[in-house]
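# Return a 3D structure for these sequence lines:
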Amino acid sequence: MRFAGELAALGTAVCWAAGSNFFAAAGRRMGAVVLNRLRTTLASAFLAVALLATQGSPWPTRATAAQMSLLGASGLIGFVLGDNYYFRSLLILGPGRGAMVASLAPVFTALLGVPILGETLGPIALLGMGLTLAGLLWSLGEREHLEHVRIRGPARVGIFAGVVGAFGQAGGFVISKLVLREGFDPLSATMVRVAVATAVMWILAVAGGGAAGSLDALRDRAGALSMVGGAFCGPFLGVTLSLFALKHTEAGVAASICALYPILALLISSRFHAERITARTLAGAAVSFAGVAVLFVR
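Residues are numbered from 1 along each chain as shown. Just a heads-up that it's a prediction; the model follows:
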């Protein structure tokens with residue numbers, strides 16, 4: 001199917017936009033670390049059911065030791081490092097602008113994809129990536145936003161956390177493609193990544209005495225429901241679509257289209273989290289949409 005990778009990346013953007021709003025609501029009640037631990041646990045269950053229904057087994061049965069190692073490393077870098085910092089950014093900046101900082105991931109993905117994957121990007125693809133990211137960064141850089149201090153920390157701390165999170169997500173993205181280009185299916189790859197990350201996070205929780213507190217957080221019904229919605233949209237459906245996109249197009253192109261989700265997240269957040277949309281934000285959104293259009297017709 002033509003544009004299969006690009007369409008999957010666009011679907012990823014929609015899922016992640018919805019997920020970031022769910023996670024922002026849940027994170028305010030649970031905290032970033034507990035939220036990350038619980039949502040990957042639930043996502044593992046979703047993925048196991050999906051694998052059982054489609055492949056007859058809740059766990060990939062044909063993965064080699066090398067593939068498992070790479071996917072496990074990808075999960076640790078992407079989910080444990082990347083998403084913990086990403087959620088911290090969401091709590092400080094809000095779901096819309098927090099997601100905008102995370103949109104730096106395509107830059108890191110493209111840079112890492114050259115030496116690790118041996119990928120090259122033509123001038124049209126670079127133009128599309130540049131437009132997409134320029135629009136997102138223009139929307140983010142409002143002086144009022146940068147100088148505003150949030151309850152959970154100043155904006156600059158949120159931006160730093162978002163940059164670290166973006167680098168972690170990019171690293172996990174690129175390592176995943178090393179396995180996907182060998183023919184490994186995206187659903188199984190997502191299962192391994194999420195399961196390994198979940199196991200490590202619970203081991204750390206038990207060692208640090210935080211396991212009971214994580215389970216207690218489920219008593220908050222509103223927080224738990226938000227976490228369930230985010231887990232379905234994010235690490236289950238969204239990440240699976242992102243790996244499908246990664247398998248069918250260049251890593252930098254897939255990541256750039258996925259990076260449209262901050263604009264979508266901001267639109268949703270303006271309705272449900274009262275984030276203000278300014279003329280500058282709308283102008284940046286227009287530039288980003290133009291960049292995505294270029295990536296489709298390159």
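# outside of stretch 67-84, which residues touch it?
Applying Cβ atoms under 8 Å, 6 or more residues apart in numbering, the contact partners of stretch 67-84 are 32-33, 36, 40, 63, 164-173, 175-176, 178-179, 182, 184, 189, 192-198, 200-201, 235. Heads up, the C-betas are built off the backbone N, CA and C, glycines and all.
# sorry, that was for stretch 228-240
Judged by Cβ under 8 Å, 6+ apart, the contacts made with stretch 228-240 from elsewhere in the structure are 12, 15-16, 18-20, 22-23, 26, 38-40, 42-43, 46-47, 50, 79, 186-187, 190, 193-194.
# Please apply the same query to stretch 93-104.
When contacts are defined by Cβ under 8 Å, 6+ apart, stretch 93-104 is touched by residues 16-17, 20-21, 23-24, 86, 89-92, 132-133, 136-137, 139-140, 145, 150, 155, 158-159, 161-163, 165-167, 169, 259, 261-262, 265-270, 273, 275.
# could you dump that stretch to PDB, C-alpha only?
Provided in PDB are the C-alpha atoms of stretch 93-104 (Å, rounded to 0.1, in the frame of the first residue of the first chain):
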ATOM      1  CA  LEU A  93       4.400  22.400  30.800                       C
ATOM      2  CA  GLY A  94       1.000  20.800  30.200                       C
ATOM      3  CA  PRO A  95       0.100  18.200  27.600                       C
ATOM      4  CA  GLY A  96       0.300  20.500  24.500                       C
ATOM      5  CA  ARG A  97       3.500  22.300  25.100                       C
ATOM      6  CA  GLY A  98       5.200  19.400  26.800                       C
ATOM      7  CA  ALA A  99       4.500  17.300  23.700                       C
ATOM      8  CA  MET A 100       6.100  20.100  21.600                       C
ATOM      9  CA  VAL A 101       9.400  19.800  23.400                       C
ATOM     10  CA  ALA A 102       9.200  16.000  22.800                       C
ATOM     11  CA  SER A 103       8.900  16.800  19.100                       C
ATOM     12  CA  LEU A 104      12.700  17.300  19.100                       C
END
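# For it, the averaged confidence score.
If you average the pLDDT over stretch 93-104, you get 78.
# ok so, going back, is it possible to mark the buried ones in the contacts of stretch 67-84?
Buried subset of the contacts of stretch 67-84 (neighbour count, 16 or more other Cβ atoms under 10 Å): 32-33, 36, 40, 63, 164-173, 175-176, 178-179, 184, 189, 192-198, 200-201, 235.
# Among the contacts of stretch 228-240, which ones are in helices?
With DSSP state H as the criterion, helices contain 12, 15-16, 18-20, 22-23, 26, 38-40, 42-43, 46-47, 50, 186-187, 190, 193-194 from among the contacts of stretch 228-240.
# picking that back up, can you say which of the contacts of stretch 93-104 are buried?
16-17, 20-21, 23-24, 86, 89-92, 132-133, 136-137, 139-140, 145, 155, 158-159, 161-163, 165-167, 169, 259, 261-262, 265-269, 273, 275.
# circling back to that earlier point, so which of the contacts of stretch 67-84 belong to helices?
Using DSSP H, 32-33, 36, 40, 164-173, 175-176, 178-179, 189, 192-198, 200-201 are the members of these that sit in helices.
# which residues of the stretch 51-200 of the chain fall in strands?
149-150, 153-154 (DSSP state E, counting those that start in this stretch).
# If you average pLDDT over each of the ones you listed, which is lowest?
Taking the mean pLDDT of each of these, the lowest value is held by strand 149-150, a mean of 48.
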